[in-house]
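**Student:** need the 3D shape of this:
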Amino acid sequence: MSRRSGESSGSRRNTDPSRSGDYEYRTSRGSLPARVVASQVDSAPDPRDTTRRSRYPREYRNEEGRPPNTHRPFADHERRANERLYEVPVSPPGASSSFDFDRRAASRQQVERSSPSNVHPNDRGRVVRHPPNDPGPHRAVMAADPNDRDRRARGPIGVITHPTANPTGYERAHLAPISSSARRQEQQYYDQQSAGHSSWPPRAMHSEDLERMERSGRRRGAEGGGRRRHD
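**Tutor:** Numbers count the residues shown, from 1 in each chain. Sure thing, here's the model as predicted:
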């Protein structure tokens, strides 16, 4: 294990701009399939356009922690000459809603107030229909030259996450070989992207879960068939 980064020798730092389906970004809040992150970055607006209400993607200054203990998650060599770093919200597969770049981003306090435990039962329907525009805890980092609009933004060059214990700070994710659970998440994401198409069983579902659901359905059917109607 590296004393400097704390990562195991079996994982790869996400300085490798891999966009294949063979890797995942591992964070303290779970894993993100690398190909899903790349897909969301590709569909994000140009970070040099600052007219959006959400103010995302926005510049990332690459400084974390409080002085004098600040650190830089990304090394200088990961940014080419004249490039700046930008952060863009990314969502894990299966998220209840995706971030809308054309709406004002919700604050952490607004998101907390809209949680089921904090919402009055009479207001839950409204909150479900109009959820806050939550950017979530995960950010992909991309790079772009602010003076060169002809050159496309480059990324993702990495992922950073708000850790649960420090929701205002960031920690850098590591790129590692994809796990079976992350691969199922990746397939679930592409199933969701296929508009007008659905599959059964859902690809993210374990065979054990499906078998349990089928047994439960057969049991309910048997119980219903054995009941007599009393008029």
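**Student:** now His162. Nearest residue, chain neighbours left out?
**Tutor:** With sequence-adjacent residues excluded and distances taken as C-beta to C-beta, 6 or more residues apart in numbering, His162 is closest to Pro137, at 4.0 Å. Just so you know, the C-beta spots here come from the backbone N, C-alpha and C atoms, and that holds for glycine as well.
**Student:** that neighbour: neighbour count?
**Tutor:** Here the neighbour count serves as a burial measure; for Pro137 (other C-beta atoms under 10 Å) it reads 21.
**Student:** if I look at the closest residue to Pro131 other than its chain neighbours, how far off is Gln192?
**Tutor:** Distances taken as C-beta to C-beta, 6+ apart place Ser97 nearest to Pro131, at 5.3 Å, with adjacent residues excluded. Ser97 sits 12 Å away from Gln192, going by C-beta to C-beta, to the nearest Å.
**Student:** hang on, the earlier thing: give me the neighbour count for the residue nearest to Pro131.
**Tutor:** A total of 11 residues lie near Ser97 under the criterion other C-beta under 10 Å.
**Student:** what do you get for the one 4 residues further on?
**Tutor:** Residues within reach of Phe101, counting by other C-beta under 10 Å, total 20.
**Student:** show me what contacts it?
**Tutor:** Under the criterion of C-beta atoms under 8 Å, 6 or more residues apart in numbering, the contact list for Phe101 reads 44-45, 52, 54, 56.
**Student:** how does it look with 10 Å?
**Tutor:** Residues touching Phe101, when contacts are defined by C-beta atoms under 10 Å, 6 or more residues apart in numbering, comprise 43-45, 49, 52-57, 88-89, 133, 135.
**Student:** could you do Arg66 as well?
**Tutor:** In this structure, Arg66 makes contact with Gly169, judged by C-beta under 10 Å, 6+ apart.
**Student:** and it, how far from Ser28?
**Tutor:** Between Arg66 and Ser28 the distance, using C-beta to C-beta, works out to 19 Å.
**Student:** Glu78 now?
**Tutor:** Here the criterion is C-beta to C-beta. By it, Glu78 lies 22 Å from Ser28.
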